[in-house]
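> How does the following fold in three dimensions:
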Amino acid sequence: MNKLLIVGTVAFDAIETPFGKTDKILGGSAPYIGLSASQFDTASAIVSVVGGDFPETHLELFRQHNIDISGIEIISSGKTFFWSGRYHNDMNTRDTLSTELNVLSDFQPVVPSKFKDANVVVLGNLHPLVQSSVLDQVTNKEALIILDTMNFWMEHTLEELKEVIKRVDVITINDEEARQLSGQSSLVAAARKIHAMGPKYVVIKKGEHGALLFSGDNVFFAPALPLEEVFDPTGAGDTFAGGFAGFLSKTNNFTFENMKKAVVYGSALASFTVEKFGTERISNLSSKEVFERLQMFKNLTQFDIELT
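Predicted coordinates for the structure are as follows:
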């Protein structure tokens, strides 16, 4: 069986949207990536850190989804990373109300020995030096390295980030971040400039407007499914990354044609996450539901046209 290595935050989130609010619930990039990737027949492991306040029920959830947790360090005297935010009515913009790094501030990732040869590695949104230290531990030189990052690291650790970008095969960022990183207003021009920094593939996420995949002169677009209700957008991008990476790890095929399929799987799984708060929806997905959602995507984009 192929292996997927996931490095990212495991956190508590407190979320407020126009539909309601939560107390501390499971959050962070790694749970969304891991739970999404668990839809595929590939072994996966999370490398992260939590405090003594992190409940056993959350760890058990990972185990139930066959996610290896030997790489999750538990610092019993510390507190788990905490984030709280409030979404505006358009559900695309949000205000961060609180960020408490806690145990994450001194995180030194240790990759479990049995996952050092993973065929796909996802570097979730973390400090570039932490991401780099993970790459130093990966022994499979043929592994597909997928990087997720954000504008915070571009503003505060740009040079370190550029060094990591040189070492990865795929970068996934949103449209605003792509423009910021590249200094280009056109997404096509932005992708070309980011491509020149090192990654063979550039995935630009556009939220409710879908995702773009670039590789050289090749471009692919996958729409987002039009949904009647978006309950909570938190983690949708990480769920996308998990579906994308899980499919690629399972198939072990890193061609542009297969990347296109991975983008569609990622988009389909992300469309579930927004239907409930936090990881609730992605934790309780049947393969039948995923198949039906994929069929909806196919119907959304498939058409016959006679070209004359």
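
> Run through the strands of the stretch 201-308 of the chain in chain order.
201-205, 211-215, 218-222 (DSSP state E, counting those that start in this stretch).

> quick one: which of the ones you listed is nearest residue 169?
Across these, residue 169 has its closest neighbour in strand 201-205 (6.4 Å, Cβ to Cβ). All C-beta atoms are positioned from the backbone trio N, CA, C, and that covers glycine.

> before we move on, the earlier item: need the winner for burial among the strands of the stretch 201-308 of the chain.
With neighbours taken as mean count of other Cβ atoms under 10 Å, those reach their highest mean count in strand 201-205, at a mean of 25.

> Paired strands for it, with orientation please.
strand 170-174 (parallel), strand 211-215 (antiparallel) (DSSP bridges).

> Any chance of JSON lines for these, columns distance to residue 180 and mean pLDDT?
As requested, those are arranged in JSON lines below (distance: least, Cβ to Cβ, whole Å; pLDDT from 0 to 100):
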{"stretch": "strand 170-174", "distance to residue 180": "9", "mean pLDDT": "96"}
{"stretch": "strand 211-215", "distance to residue 180": "16", "mean pLDDT": "97"}
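
> Which among those is found nearest to residue 40?
From the strands paired with strand 201-205, taking Cβ to Cβ, the stretch that ends up closest is strand 170-174, at 16.6 Å.

> And the helices in this protein?
Remark: helices assigned in the chain by DSSP state H are 29-37, 56-64, 128-137, 151-156, 158-165, 175-182, 187-196, 236-251, 256-273, 287-301.

> low-confidence ranges in this structure?
The chain contains no residues with pLDDT under 70.

> what residue lies at the spatial centre of it?
residue 238 (2.6 Å; Cα atoms, centre = their mean).

> which residue packs closest to that residue, ignoring adjacent ones?
residue 32 (3.6 Å; Cβ to Cβ, 6 or more residues apart in numbering).

> Would you confirm that the one you found contacts residue 273?
Yes - assessed by Cβ atoms under 8 Å, residue 32 is found in contact with residue 273 at 6.8 Å.

> Overlap in contacts, those two.
235, 239, 279, 282 (Cβ atoms under 8 Å, 6 or more residues apart in numbering).

> Okay, buried residues for stretch 244-260 please.
Going by neighbour count (16 or more other Cβ atoms under 10 Å), the buried part of stretch 244-260 is 244, 245, 246, 247, 248, 249, 250, 251, 254, 259.

> Run through the residues that contact the first one.
Applying Cβ under 8 Å, 6+ apart, we find residue 244 in contact with 146, 172, 203, 262, 263, 265, 266.

> same deal with the third one?
Contact partners of residue 246, counting by Cβ under 8 Å, 6+ apart, are 4, 36, 37, 38, 39, 40, 42, 44, 265.

> do you know how far it is from residue 148?
14 Å (Cβ to Cβ, to the nearest Å).

> Out of the buried residues of stretch 244-260, which comes closest to residue 291?
residue 247 (13.6 Å).

> Compute the number of surrounding residues for residue 72.
Neighbourhood size, residue 72 [other Cβ atoms under 10 Å]: 20.

> Would you check that residue 195 makes contact with residue 217?
No - the pair residue 195 and residue 217 does not pass the contact test of Cβ under 8 Å, sitting 10.3 Å apart.

> Looking at those two, which has the bigger crowd around it?
Applying other Cβ under 10 Å to residue 195 and residue 217 shows that residue 195 carries more neighbours, namely 17 against 6.

> can you pull the contacts of that one?
202, 214, 215, 216 are the contacts of residue 195 under Cβ under 8 Å, 6+ apart.

> Now for the second one: which residues touch it?
Remark: with contacts taken as Cβ under 8 Å, 6+ apart, residue 214 is in contact with 188, 191, 192, 195, 201, 202, 203, 204.

> Leaving out the residues flanking it, which one is nearest to the third one?
This points to residue 192. Closest to residue 192 by Cβ to Cβ, 6+ apart is residue 214, at 7.5 Å.
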